[in-house]
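Got a sequence here, can you model it:
(one chain, ligands or ions: 2)
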Amino acid sequence: MTVIRSWLYVPGDRPDRIAKALAGPADAVVVDLEDAVAVAAKEDARRTVLTTLAEGAEFFVRVNAPATPAGEADVSALATAEAKPAGVRVPKAEDPAELRRVADALGVPVYPILESALGVENALALATAHPLVAGISLGEADLAADLRVAGGGDSTALTWPRSRVVVAARAAGLPSPVQSVWTAVRDLDGLRTSTEAGRRAGFFGRSVIHPSQIPVVHEVCAPDPAETAWASELLGRLASSGDAAWIDDHGQFVDAAVVARAQWVLALAGSKEKHVEKGTHS
Ligand SMILES: CC(C)(COP(=O)(O)OP(=O)(O)OC[C@H]1O[C@@H](n2cnc3c(N)ncnc32)[C@H](O)[C@@H]1OP(=O)(O)O)[C@@H](O)C(=O)NCCC(=O)NCCSC(=O)C[C@H](O)C(=O)O
Ligand SMILES: [Mg+2]
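Numbers count the residues shown, from 1 in each chain. Ligands and ions are numbered 1, 2, ... in the order given. A predicted model of the protein is given here:
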């Protein structure tokens, strides 16, 4: 099993930073053609993406929303390019039919980003829109704006959409969603607390916008030695006794659900970083 912990965004009109991002420690690089790129720079950014792909670099691309002129241009440019991205993130996703068009045109893994009330309401339909849909996530800044609720940090106003996207991803058999970006770039303690909370809430891995955020995300996503030891012990007892249920040495009841969790903990602990495939982490 292989997993991606950090997805580093880098603006498509900054070739210097794209090179740095690709050479750095992020598990995945997402070159952005959408909101990090000014309208006047969209064409340049698209050209840079195509040139960098043609040079053999491996990265993901966030296209513009496919229903917009810039999004149409992104999708048709990538569709005819010989070198394809590892996958595309599709922002402002709301319409499963639109997602199918993108997936059919590009033939690469597609990751819809849910950033509106309608997108969240359609979470399961988007997650199951096409076999190439490989993961869903939230874009919390845009979502908070669309919902007219407090955004930023760990706004509790987004608790329900977060749970909704976790449930829809798992119902569709997709990996746990990747957590949305932490925008207080210099506040690494806040990033850590928020990423830990995200893991507890069912997210795995995080989109980041600055290289300084990568080590924090990697640390939070690292297997917890105590949890790994607990899982090994539990599965050892299961193998030797064959019991279906018991109370462990810590007084905790164990049954099939707890065994499933222990198996997931060990699978994650034994995973290699980089290059997640559909359904390879849950
Ligand atoms: C956020 C930034 C604009 C900050 O830029 P800046 O203040 O110039 O950064 P630093 O001076 O601290 O940079 C220090 C060094 O790190 C390199 N750097 C910085 N950012 C990146 C990066 N993203 N990738 C690679 N390298 C990076 C600098 O070159 C410096 O290097 P050196 O000179 O050698 O020391 C900027 O970080 C940035 O543009 N980040 C990405 C923004 C982005 O792509 N945003 C799109 C995603 S946001 C999102 O998804 C929201 C979502 O849609 C929602 O709705 O929620
Ligand atoms: Mg957004």
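
So which residues on the protein come close to ligand 1?
Residues of the chain that fall close to ligand 1, judged by C-beta under 6 Å from any ligand atom: 8-11, 17, 20-21, 32, 35-36, 115, 139-142, 180-181, 185, 207, 209-211. C-beta: built from backbone N, CA, C; applies to glycine.

List buried residues within these.
Using 16 or more other C-beta atoms under 10 Å as the burial test, the residues of the chain next to ligand 1 include 8-11, 17, 21, 32, 35-36, 115, 139-140, 142, 180-181, 207, 209-211 as buried.

distance from the centroid: which residue in this structure tops it?
S241 (38.6 Å; C-alpha atoms, centre = their mean).

returning to what we had before: taking the buried ones among the residues of the chain next to ligand 1 one by one, which sit in strands?
Using DSSP state E, the subset of those located in strands is L8, Y9, V10, P11, D32, S207.

Among these, give me the pair with the biggest separation.
Across those, the longest distance by C-beta to C-beta is 13.8 Å; it joins P11 and S207.

And the strands in the chain?
2-3, 6-11, 28-32, 60-62, 87-90, 110-114, 137-138, 206-208, 246-247, 253-254, 272-273.

Just say which of these is most tucked in.
strand 110-114 (a mean of 28; mean count of other C-beta atoms under 10 Å).

any idea of the mean pLDDT for stretch 38-53?
Here stretch 38-53 scores 98 as its mean pLDDT.

List of residues touching that stretch?
11-13, 15, 18, 31, 33, 37, 59, 61, 64, 70, 73-74, 77-78, 81, 83-85 (C-beta atoms under 8 Å, 6 or more residues apart in numbering).

6 Å instead, please
G12, D13, P15, V31, L33, V37, V61, A70, A77, A81, A83 (C-beta atoms under 6 Å, 6 or more residues apart in numbering).

Can you say which of the residues you listed are buried?
Buried, going by 16+ other C-beta under 10 Å: G12, D13, P15, V31, L33, V37, V61, A70, A77, out of these.

Let me see the contact set for the most centrally placed residue in the chain.
The structure's the chain has its C-alpha centroid closest to V178; by C-alpha atoms, centre = their mean the separation is 2.9 Å. Contacts for V178 (C-beta under 6 Å, 6+ apart) come out as W7, S137, G205, S207.

again, only using 8 Å
V178 touches I4, W7, G135, S137, F203, F204, G205, R206, S207, counting by C-beta under 8 Å, 6+ apart.
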